[in-house]
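In: Kindly generate the corresponding structure for this input.
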Amino acid sequence: MKLRSKFAALSPLAQLYCIAVPLAVVMILAFGVRIITDSPSYFDAWKTLVGGKLDYFRTPIYPIFVGLIQQIAGECGFICEYDPGSTIFPKSVETDGALTFLVIVIAQYIVYLISIAYLFKMGKRLLRSEKSAFWVCITYILFASIAGWNHWILTESLSISGTIFFAYNALVFLDNPGIKTFLYTVVWALLLIFLRPSFLFVLPALFIVACLLLFRRENRRKALAFFGAALIATAGVLAYMFAFQQTYKTFGLTAVDAINKYYVARTHNELKPEQTDNAALAAFVANNAGMEKDYHEMYCEAAAAVNQYDLGDVQKLVNAANPVFSPSWFKQVFFRFGESANDMMIGLPVADASVYPFSGLGLTIRLIYFLILIDAILFLRDAKHRRLLLPQVFLWLLMAGNMAVVIIGAPDSFDRLCMPILPIFFILVADLIQRIARHVRWVK
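Out: The predicted structure is shown next:
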């Protein structure tokens, strides 16, 4: 009883940390380090960056994160098993047992714990209710696999936390544009994009909010500030893409886009030797045409094409095989939309899903699409009555943008790729509940 009264006397944020920190310690001790076949590529990218060259497969933020920890905690490595004749995408991978991997997990947990405070502050700012913000954070702490992603040597953990940092700073910038908030917004936008290229959607989100501000005469200063932030962040991305083009002869951030497109085109038997002028690449396509391969073998083939031949030629090949906005392209996007809707919002758990709170509720990505639709209708109604709430619109743009990128650019792993916007989803669900509650009170 005494302990309960002491807990009740704490501030809501302190109460959240009393729950999150012990849970983090228990999970670290219980689940340790988790890796998949993508994990070694970040350490390879670090070596490439140290050699003074951009990596063709990974953007720099996460390789720098794990590389710097490796410099402090000691060298570490992987034990990989490859398919016969393949040196790309290991069939299985294990760590060499170095303590460095555990240090990376702990570092990711520290970033995650810091993000709780920012989610709480963002919730209070947007929902105008400390109690609502508290329950959003409780959901964030306990929801299946959000904390669990901290165990994986992948970008997911920092992507989830980074989305919170960016969204919070952008909302503060929206309320109070100044040099400090301007710089924070630009820096976090660039950090997200260079952490994972799929975060490019933050740029149109900034531009759209700037346009909406421009239509409000009293917000011209804010509009110009948002335009400035979006333009500087875009300039930073373009500078990187031009540097990448100088090295790999193709305009982009990584080769992942070409690999994914190759995989999709190959899966649908759309690759043809005559679609490329590169004779060696044409022979590669012809030799592999019609061969039955599983998921892993198909990705190995796609990565081999990018690794062995000119990246620009591979990009032209896959673009010719399945042109953007062609009937087959729309058909595949629509198919992925339906397929992703049925994926669970649990992602990759560190243990059987039954150990997680909420894991048995059958929450699918369909709920995210449903919220996107409901909020879009509400925003149109608000715009008609000139009471559009720009902070909510901005968060909605982030959520909708992430899901658009997922279904357009990714052939699978939708559950994993939706993870970064789950905190945004929680806040917008709370906002929707508040709207409904207010409406019910008005009706009564």
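In: Would you mind pulling the contact partners of stretch 23-40?
Out: With CB atoms under 8 Å, 6 or more residues apart in numbering as the test, stretch 23-40 has contacts from 78, 80, 89-95, 101-102, 104-106, 109, 112-113, 141, 147-148, 150-154, 296, 348, 350-351. Placement of C-beta: from N, CA and C, glycine included.
In: does the closest residue to residue 55 other than its chain neighbours count as helix, strand or coil?
Out: Counting by CB to CB, 6 or more residues apart in numbering, residue 55 lies nearest to residue 45, which is 3.8 Å off, once chain neighbours are set aside. On the three-state scheme (DSSP: H, G, I helix; E, B strand; the rest coil), residue 45 is labelled helix.
In: I'd assumed residue 57 was in contact with residue 45.
Out: Yes - counting by CB atoms under 8 Å, residue 45 does reach residue 57; the two are 6.5 Å apart.
In: Can you pick out the residue with more neighbours from the two?
Out: residue 45 (23 against 19; other CB atoms under 10 Å).
In: give the contact list for that one.
Out: Applying CB under 8 Å, 6+ apart, the residues contacting residue 45 are 55, 57, 58, 60, 63.
In: What pLDDT is listed against it?
Out: At residue 45, the model reports a pLDDT of 93.
In: Tell me the spacing between it and residue 150.
Out: Residue 45 sits 20 Å away from residue 150, taking CB to CB, to the nearest Å as the criterion.
In: Residue 381 too?
Out: 39 Å.
In: mind listing the helices in the stretch 51-200 of the chain by residue range?
Out: Secondary structure of the stretch 51-200 of the chain, counting by DSSP state H, counting those that start in this stretch: helices at 61-73, 100-127, 130-142, 156-175, 179-195.
In: what packs against the second one?
Out: This means helix 100-127. helix 12-31, helix 61-73, helix 130-142, helix 156-175, helix 390-409, helix 422-443 (3 or more CB pairs under 8 Å, 6 or more residues apart in numbering; DSSP states H and E).
In: picking up where we left off before, so residue 381 and residue 150 - more neighbours on which side?
Out: Set residue 381 next to residue 150 and count neighbours by other CB under 10 Å: residue 150 wins out with 28 against 11.
In: Who are the contact partners of that one?
Out: Neighbours of residue 150 in contact, by CB under 8 Å, 6+ apart: 24, 27, 105, 108, 109, 112, 157.
In: Swap in 10 Å and give it another go.
Out: 24, 27-28, 31, 34, 104-113, 156-158, 160-161, 350 (CB atoms under 10 Å, 6 or more residues apart in numbering).
In: isn't residue 279 right up against residue 310?
Out: No - contact between residue 279 and residue 310 fails when scored by CB atoms under 10 Å: they sit 11.8 Å apart.
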